[in-house]
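K.L.:
how would this look folded up:
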Amino acid sequence: MNLQSSTPAAQSIRLTCREGTSNKEYRAQLVASGDGWVLRAQHGPIGGTMNDADKITTPVVYERAMREYLKLVKSKLAKGYVTSDEVVAGLVDVPLKAFDATDIRPMLLHPIDDDELDQYLLDPQYSAEEKHDGERRILVVEASEGGTAVYGVNRKGVRVPLPETVDAAIRAQIGGNVKGRTVLDGEIIGETVYLWDVMEHEGRNLRPEPLVNRRAVLARLIATCDNVKLTRVALTTQDKRALLERVRAARREGIVFKRNGAAYVAGLKSSDADWHKYKFVQSATVRVRAPNVGKRSVRVEAKDDEGNWRALGNVTIPPNHTVPESGAIVEVEYLFVANVGGALYQPVYLRERADQDEGDCVLSQLKYKGLAEAA
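P.N.:
Now for the predicted structure:
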């Protein structure tokens, strides 16, 4: 069934998410009601009690209801949900490619504070890398008899284009030398991608293997060039401290610690995490509440645990950036939040984030000036 059709027809879908520690499902139904259509939804743990989360309760015309239905499904796919093979009443199988969604999800970093830093500098089981200030970018190379496809995947698992220079460099290095699917993990800044891991090699899943083994495979596949670089790794305490000071002196974002024997597990583990990030300054993903009329600044906000949007103050937009519109998702650097309910202190606008959505704009990501104040 074509979901883009304007012919009125009921829709229903069940999606599940088992990324990281998640074990949840989401259901949505577009159904006729009176003279119009409503959009119903439910969410909850897989196999558990479902809670109502209806989106449209007052009947509207079909075209508007369908737009909201598609928007809802797309947002869930981007957050790591997948369609289920289980057939439920009126289930419509939404083709993932229609939304540029993939089956690939990145392993995420667990933040640490100053009091935890020495633990990872001293532990020989952990190595360190520089944390690059760009956007997460997974590179996929799919080689078949019909040719080679190269494309990027963002942190939400959505397919995105690569700069032509990066595409050409990857094709030149490995495009004709591999078979099946090879998946590399890294960060992109401008027209340069920094790579640090390999998740699949020629169709073989390397995620369960130790990080040191995956690094060895990556080193055999990729050589540093102008547009593709391998992230340097510090193994000893002395080298890790030198990296920390070098990155700090260069006023870069921070460093990352990874357990050398760790498997690659998609998502973020809140406990027993194997990848950690230490940042010299804080950054947050927030939503633009509204531009300030007549000024190059915007008001920003984030959601609390109950889903209510809370103001976080104003952020000035530099002259070399376009002032983002209301509802835009942006990244802002800041020192701290002075107190619960307060504004970001000394915020600096970084960029719009097309790879983030409203689900990432949460108060829980913020760092407060002191634990007592945050409590």
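K.L.:
can you count the residues close to residue 220?
P.N.:
11 (other Cβ atoms under 10 Å). Glycine gets a C-beta too; all of them are placed from N, C-alpha and C.
K.L.:
Give me the contacts around whatever helix or strand it lives in.
P.N.:
Per DSSP states H and E, residue 220 falls inside helix 211-221. Among residues not part of helix 211-221, those counted as contacts by Cβ atoms under 8 Å, 6 or more residues apart in numbering are 127, 173-174, 178, 182, 184, 195-199, 201, 206, 230, 233, 258-264.
K.L.:
rerun at 10 Å
P.N.:
Under the contact criterion Cβ atoms under 10 Å, 6 or more residues apart in numbering, helix 211-221 has outside partners 127, 141, 170, 173-174, 177-178, 182, 184-186, 195-201, 204, 206-207, 209-210, 230-231, 233, 235, 258-264, 274-275.
K.L.:
Tell me the helix or strand right after that helix.
P.N.:
Helix 211-221 is succeeded, C-terminally, by strand 228-230 (DSSP H and E).
K.L.:
Can you name every helix or strand that that next one contacts?
P.N.:
If contacts are counted by 3 or more Cβ pairs under 10 Å, 6 or more residues apart in numbering; DSSP states H and E, strand 228-230 sits against helix 164-170, strand 180-189, strand 192-201, helix 211-221.
K.L.:
closest one to residue 290 among those?
P.N.:
In terms of Cβ to Cβ, the element of the helices and strands packed on strand 228-230 nearest to residue 290 is strand 180-189, at 29.9 Å.
K.L.:
Residue 308: how many residues sit nearby?
P.N.:
10.
K.L.:
one step back: any quick ChimeraX command for the buried ones out of the contacts of helix 211-221?
P.N.:
Buried residues among the contacts of helix 211-221 (16 or more other Cβ atoms under 10 Å), as a ChimeraX selection:
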select :127,141,170,173,174,178,182,184,185,186,195,196,197,198,199,200,201,206,209,230,231,233,258,259,260,262,264,274,275
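K.L.:
Tell me where the model's unsure across the stretch 201-350 of the chain.
P.N.:
270-271 (pLDDT under 70).
K.L.:
for it, what spans make up the helices?
P.N.:
211-221, 237-249 (DSSP state H, counting those that start in this stretch).
K.L.:
Which neighbouring elements make contact with the longest one?
P.N.:
So the one you mean is helix 237-249. Here helix 237-249 touches helix 114-122, strand 126-131, strand 254-259, going by 3+ Cβ pairs under 10 Å, 6+ apart.
K.L.:
okay if I get the helices of the stretch 201-350 of the chain as JSON lines plus distance to residue 56?
P.N.:
Conversion of the helices of the stretch 201-350 of the chain to JSON lines gives the following (distance: least, Cβ to Cβ, whole Å):
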{"stretch": "helix 211-221", "distance to residue 56": "46"}
{"stretch": "helix 237-249", "distance to residue 56": "49"}
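K.L.:
Now residue 141: closest residue in space that isn't a chain neighbour?
P.N.:
residue 182 (4.5 Å; Cβ to Cβ, 6 or more residues apart in numbering).
K.L.:
about what we covered before: pick the most buried one from the helices of the stretch 201-350 of the chain.
P.N.:
helix 211-221 (a mean of 17; mean count of other Cβ atoms under 10 Å).
K.L.:
State the distance from the nearest residue to residue 315 once chain neighbours are set aside to residue 297.
P.N.:
Closest residue to residue 315 apart from its sequence neighbours, by Cβ to Cβ, 6+ apart: residue 347 at 4.6 Å. As judged by Cβ to Cβ, to the nearest Å, residue 347 and residue 297 stand 10 Å apart.
K.L.:
and what of residue 201?
P.N.:
47 Å.
K.L.:
Of all the helices and strands packed on helix 237-249, which one comes closest to residue 336?
P.N.:
That would be, of the helices and strands packed on helix 237-249 and by Cβ to Cβ, helix 114-122, which comes in at 12.7 Å.
K.L.:
Mind listing what's buried along that closest one?
P.N.:
Buried, per 16+ other Cβ under 10 Å, within helix 114-122: 117, 120-121.
K.L.:
Columns distance to residue 309 and pLDDT on top of those residues, output as JSON lines?
P.N.:
Below are the buried residues of helix 114-122 laid out as JSON lines (distance: Cβ to Cβ, whole Å; pLDDT from 0 to 100):
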{"residue": "117", "distance to residue 309": "34", "pLDDT": "96"}
{"residue": "120", "distance to residue 309": "35", "pLDDT": "97"}
{"residue": "121", "distance to residue 309": "39", "pLDDT": "97"}
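K.L.:
wait, which of those is closest to residue 287?
P.N.:
For the buried residues of helix 114-122, the nearest to residue 287 is residue 117 (31.2 Å; Cβ to Cβ).
K.L.:
Excluding chain neighbours, what is closest to the closest one?
P.N.:
Counting by Cβ to Cβ, 6+ apart, the residue nearest residue 117 is residue 278, at 5.8 Å.
K.L.:
picking up where we left off before, and the helices and strands packed on strand 228-230: which comes nearest residue 356?
P.N.:
strand 180-189 (14.7 Å).
K.L.:
follow-up on the earlier one: what about the residue nearest to residue 117, how many neighbours?
P.N.:
Residue 278, neighbours per other Cβ under 10 Å, totals 22.
K.L.:
Over to residue 147?
P.N.:
Look at residue 147: counted by other Cβ under 10 Å, it has 8 neighbours.
K.L.:
Identify the single longest helix in this protein, thanks.
P.N.:
Using DSSP state H, we find that the single longest helix of the chain is helix 62-78.
K.L.:
From the chain's centroid, how far away is it?
P.N.:
Distance of helix 62-78 from its chain centroid, counting by Cα atoms, centre = their mean, to the nearest Å, is 20 Å.
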